[in-house]
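Colleague: Any chance you could fold what I've pasted below:
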Amino acid sequence: MSDVLTNDDQELIEVARRTITERYKENRHHIGSALRTKSGRIFTGVHLDTYVGRASVCAEAIAVGQAMTAGESDIETIVSVRHPRPRETYREIQVVSPCGICREMLADFAPQCRVILPAEKGLAKPLVTELLPNKYFRRT
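Modeller: Coordinates of the predicted model:
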């Protein structure tokens with residue numbers, strides 16, 4: 001696991017924060033995500049919250065879809081952040097860990113990507129496969 005964040009990683013966190021700050025809408029968008037491809041391009045996404053939970057789509061999936069649509073499939077690093085709801089006392093936008101479904105999706109589409117997430121001492125940047133031990137793979 002890598003715990004050293006680069007200037008590019010800090011920039012990615014800021015892009016994710018800016019994205020959710022600009023797009024936040026209570027009960028619609030509370031997670032923002034930004035990813036960088038190996039070519040250096042950055043793609044973003046926001047969580048699409050729905051009244052029927054199964055129809056919701058995570059910000060990470062939106063960002064990956066944006067990259068794939070642009071022909072960029074070599075994802076290097078991804079980060080997600082959470083915007084606090086208006087009634088919460090803690091007001092800082094924080095880096096959050098991807099959910100299990102997003103871990104599966106990232107391991108399928110970008111097994112070599114690193115994920116910036118909260119750690120015991122600040123932030124860490126493990127490979128997505130380190131977050132998903134014993135991942136299921138189809139036999140071909």
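Colleague: So the residue lying closest to Pro86 once chain neighbours are set aside versus Ala110, what's the distance?
Modeller: Nearest in space to Pro86, with sequence neighbours left out and distances taken as C-beta to C-beta, 6 or more residues apart in numbering, is Glu26 at 6.3 Å. In short, each C-beta sits where N, CA and C put it, glycine included. For Glu26, the distance to Ala110 (C-beta to C-beta, to the nearest Å) stands at 30 Å.
Colleague: neighbour-wise, which of those two wins?
Modeller: Ala110 (24 against 11; other C-beta atoms under 10 Å).
Colleague: could you point out which element follows the longest helix that the chain contains?
Modeller: Counting residues, the longest helix in the chain under DSSP state H turns out to be helix 7-23. Remark: after helix 7-23, the chain's next helix or strand is strand 31-37, criterion DSSP states H and E.
Colleague: Residues in contact with that following strand: which ones?
Modeller: 8, 12-13, 15-17, 19-21, 23, 42-47, 58-60, 62-64, 67, 72-83, 96, 113 (C-beta atoms under 8 Å, 6 or more residues apart in numbering).
Colleague: again, 7 Å this time
Modeller: In this structure, residues lying in contact with strand 31-37 by C-beta atoms under 7 Å, 6 or more residues apart in numbering are 8, 12, 15-16, 19-20, 23, 42-47, 58-60, 63-64, 67, 72, 74-82, 96.
Colleague: Ok, stretch 109-120 next?
Modeller: Outside stretch 109-120, the residues touching it (C-beta under 7 Å, 6+ apart) are 2-3, 5, 9, 12-13, 64, 75-79, 95, 97-98, 106, 123-129, 131.
Colleague: Thanks a lot, see you next time.
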